[in-house]
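Undergrad: everything below, folded, please.
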Amino acid sequence: MKKITMILCILFILTACNNESINEKHRLYLEELGWSIKSFDTKETREISKDSLAFNDSYQFSFLEKYVGKELDVTTYVLNEKDIEGDNIQAILYEYNGEIIGSVGKTKNATPGIVNLEDKDIITNE
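TA: Numbers count the residues shown, from 1 in each chain. Reported below is the predicted structural model:
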């Protein structure tokens, strides 16, 4: 009986932690773009450099140009929606001083793997 109770407690804690990791502001932002969050993936602080922008030379990252040399919070979520091939899509949100400054999507079925989340109909074929 103690083992079952312990397992249930661990599952409850893991579920609660996962749900608490979904920032409400992020959820609303993605819902406005037509997406829904399945789960939290990662959060990190990243300094934006000219080199990283050159490596990611794409219109999807143009919103980062004025943040070179600054530290941004970068949060990644797995979305409920799937891409055209049925694979997971990740949403990557960038924040500066607590404000969302932009986002991109990541999927293995796009070249170079980064997509504009505003193009949901192209990504998911919906």
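Undergrad: look at residue 36 and report its pLDDT.
TA: With respect to pLDDT, residue 36 scores 96.
Undergrad: how many residues are close by it?
TA: Residues within reach of residue 36, counting by other CB atoms under 10 Å, total 12. C-beta coordinates here come from the backbone N, C-alpha and C atoms, glycine included.
Undergrad: and the closest residue in space to it that isn't next to it in sequence, what element?
TA: Excluding its sequence neighbours, the residue lying closest to residue 36 (CB to CB, 6 or more residues apart in numbering) is residue 80, at 4.5 Å. Per DSSP states H and E: residue 80 is located in strand 71-82.
Undergrad: partner strands of that strand, with direction?
TA: Strand 71-82 has its sheet partners listed here by DSSP bridges as strand 37-47 (antiparallel), strand 88-96 (antiparallel).
Undergrad: any low-confidence regions in the protein?
TA: Scanning the chain for pLDDT under 70 picks out 1-20, 54-60, 125-126.
Undergrad: hang on, the earlier thing: let's have the strands paired with strand 71-82 in JSON lines, adding distance to residue 26 and mean neighbour count.
TA: Putting the strands paired with strand 71-82 into JSON lines (distance: least, CB to CB, whole Å; neighbours: other CB atoms under 10 Å) gives the following:
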{"stretch": "strand 37-47", "distance to residue 26": "7", "mean neighbour count": "14"}
{"stretch": "strand 88-96", "distance to residue 26": "6", "mean neighbour count": "20"}
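Undergrad: distance to residue 69 for those strands - can I get that in JSON lines?
TA: As requested, these are exported to JSON lines (distance: least, CB to CB, whole Å):
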{"stretch": "strand 37-47", "distance to residue 69": "7"}
{"stretch": "strand 88-96", "distance to residue 69": "12"}
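Undergrad: what residues are up against the residue nearest to residue 36?
TA: Applying CB atoms under 8 Å, 6 or more residues apart in numbering to residue 80 gives the contacts 35-38.
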